[in-house]
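Peer 1: The following block contains a protein sequence and its predicted model.
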Amino acid sequence: EVGALAASMQPKFSGNIGVVLGSGGPGATHLMNGLYDAREDGVPMLAIIGTRPQKELNLDGFQELSQNPIYSDVSEYNVRVAYAEQLPKIIDRAIREAITKGGIATIEVPVDFGWEEIDNASWYSSANGYRKPNKPPIDEKDIDKAVSLLEDAKRPVIYAGIGTRGHGEDVIALAEKLKAPVAVTGKNYDTFDFDYEGHIGSTWRVGWKSANEIIEEADTILFAGSDFPFAESTGVFEGKKFIQIDIDASRLGKRRSVDAAILGDAAEAIRKITEKIEQKDESSWYRACLANNRNWREYMNRLEVKKEGDLQAYQIFNAVNRYANENAIYSIDVGNVTQNSVRHLHLTPKNLWRTSPKFATMGCGLPGALAAKLEFPDRQTWNLSGDGGFGMVMQDVVTFVQHKLPSIHVVFSNMMFGFIKREQEETNEHLYF
């Protein structure tokens, strides 16, 4: 399971395909958590799983499972290798499928194939033929419609999703011209400098108080390269003009009806909007948003620098901020530590911050740090985990030691599944205690 979670986190940090190997039976089924995490985040991953020798298949042997159907839901490509000479060709195709479709390719290999001799001349690699798909051209009429809505808006907010990753300056340029606060999705947190005054953090529970209040009062949302999975259940965008930018046509209108839709790269679309939109004057509402945000930031800071009473997580994050390298990498587990890191880690675009944002599987922090350190051996790497998530995977601390991978592991202990407990206390639904 740790290997699969590390392979899922690897492409989140590096952009390269993750690869995991598992033996047959339970060795294969233990991979499922990592595979579903990769699928939900749309990152490429190759899973190579074993099975009984070819002559022993379908005899209900030791640890034998009908594995192909098990992986049919999670995989974009899912096959059993029929004969040894086929293996290189199948792996080559599996990598193409995973990278092109941004998903999982699963290959089942009978164990005896590992001893077969394969002639190098019998196969080839297609790697030199790979090309990144072209981004869809943006329709200028869609840009014009978005510009018209934004110019009419009295209380606009930019909701910057992962589609804007690496293009924070473009988003800020539009925000400054539009005089709009910038909310972010959690997994796009490291695109913006924490100190930018218009950065109001994320929304809902893993977010900032100021962001939730500002989004509620907004009359127009520019939803750029995002997929907020709580939109329907919370109704957070209802009653507002909704402009959506996405590179995937199937996602336009996915979370709510749109008043303007732009198919294309989010950063490119934002630049086009910025070029066409008129410079706005600073409104009283925008000034109130910044004041609200300053108030929330001051509150977070008071928690971080508190010097009396019991030690709390906030003061630990303050220490991390003080001692971390400026380009430090953070692998964040799921739970209260996710919420606290979004609020109290002072990141810049020099950092990398990754977690399991949609599948939200606990136990991803340590495997993510393992993957990050292997990808970036010269960068300081942190694993920030709760006691629940760390307890699921802590045995692989020895892997860091065995492979001489220096890293820093901070474990926050509250002796409970705190994030879930608080949610159930707030909603008074499905209480487990």
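Peer 2: Okay, I see it. Just so we're clear, the structure is a prediction, and the values are computed from it rather than from any experiment. Numbering: from 1, shown residues only.

Peer 1: For the rest of this, base every contact and every neighbour count on C-alpha atoms.
Peer 2: Noted.

Peer 1: So residue 361 is in contact with residue 32, correct?
Peer 2: No. Using C-alpha atoms under 8 Å, residue 361 makes no contact with residue 32, being 11.3 Å away.

Peer 1: Relative to residue 245, how far out is residue 272?
Peer 2: Look at residue 272 and residue 245: by C-alpha to C-alpha, to the nearest Å, they are 12 Å apart.

Peer 1: who has more neighbours, those two?
Peer 2: Between residue 272 and residue 245, counted using other C-alpha atoms under 10 Å, residue 245 has the larger neighbour count: 30 against 17.

Peer 1: looking at this, that one is in a strand?
Peer 2: Yes. Under DSSP: H, G, I helix; E, B strand; the rest coil, residue 245 falls within a strand.

Peer 1: Tell me the bridge partners for it.
Peer 2: The partner list for residue 245 in beta bridges (DSSP bridges) reads residue 224, residue 262.

Peer 1: Use 175 as the first number from now on
Peer 2: I'll keep to 175 as the first residue from here, and by that count the last item is residue 419.

Peer 1: Now for residue 231: which residues touch it?
Peer 2: residue 238 (C-alpha atoms under 8 Å, 6 or more residues apart in numbering).

Peer 1: Ramachandran angles for it?
Peer 2: Residue 231 adopts backbone torsions of phi -70, psi 150, taken as degrees, to the nearest 10.

Peer 1: Which pLDDT does the model give it?
Peer 2: According to the prediction, residue 231 has pLDDT 86.

Peer 1: Report the separation between it and residue 252.
Peer 2: Distance, residue 231 to residue 252, by C-alpha to C-alpha: 18 Å.

Peer 1: these two touch, right, residue 276 and residue 192?
Peer 2: No. Applying C-alpha under 8 Å as the test, residue 276 and residue 192 come out as separate, 11.1 Å apart.

Peer 1: For the two, list the residues in contact with both.
Peer 2: The contact sets of residue 276 and residue 192 overlap at residue 218 (C-alpha under 8 Å, 6+ apart).

Peer 1: So the two - more neighbours on which side?
Peer 2: residue 192 (27 against 19).

Peer 1: so what's the more buried one bridging to?
Peer 2: Applying DSSP bridges, one finds that residue 192 bridges with residue 219.

Peer 1: for residue 505, phi and psi?
Peer 2: Phi and psi for residue 505, reported as degrees, to the nearest 10, are phi -110, psi 120.

Peer 1: wait, it sits on residue 527?
Peer 2: Yes. Counting by C-alpha under 8 Å, residue 505 touches residue 527, with 6.2 Å between them.

Peer 1: Same drill for those two, tell me which one is more crowded.
Peer 2: Each of residue 505 and residue 527 has its neighbours counted (other C-alpha under 10 Å); residue 505 has more, 27 against 24.

Peer 1: That one: what's it in contact with?
Peer 2: Per C-alpha under 8 Å, 6+ apart, neighbours of residue 505: 527-529, 538-540, 542-543, 546, 555-558.

Peer 1: And for residue 391?
Peer 2: Counting by C-alpha under 8 Å, 6+ apart, residue 391 has contacts residue 329.

Peer 1: what pLDDT does it get?
Peer 2: For residue 391, the predicted pLDDT is 96.

Peer 1: now stretch 524-539, how far from the chain's geometric center?
Peer 2: 6 Å (C-alpha atoms, centre = their mean, to the nearest Å).

Peer 1: and if you look at stretch 519-526?
Peer 2: That offset, for stretch 519-526, works out to 15 Å (C-alpha atoms, centre = their mean).

Peer 1: show me where the stretch 425-574 of the chain has helices.
Peer 2: 440-450, 458-478, 487-497, 510-518, 539-549, 561-567, 571-576 (DSSP state H, counting those that start in this stretch).

Peer 1: Identify all contacting residues around the last one.
Peer 2: So the one you mean is helix 571-576. 540, 544, 580, 581.

Peer 1: quick one: which of these has the most company?
Peer 2: So for those (other C-alpha under 10 Å), the most neighbours sit at residue 540, 32 neighbours.

Peer 1: For this protein, which residues score under the pLDDT cut-off?
Peer 2: Within the chain, the set of residues satisfying pLDDT under 70 comprises 589-607.

Peer 1: Break down the stretch 275-424 of the chain into its helices, ranges please.
Peer 2: Taking DSSP H, counting those that start in this stretch to define them, one finds helices in the stretch 275-424 of the chain at 314-326, 342-352, 383-391, 405-408.
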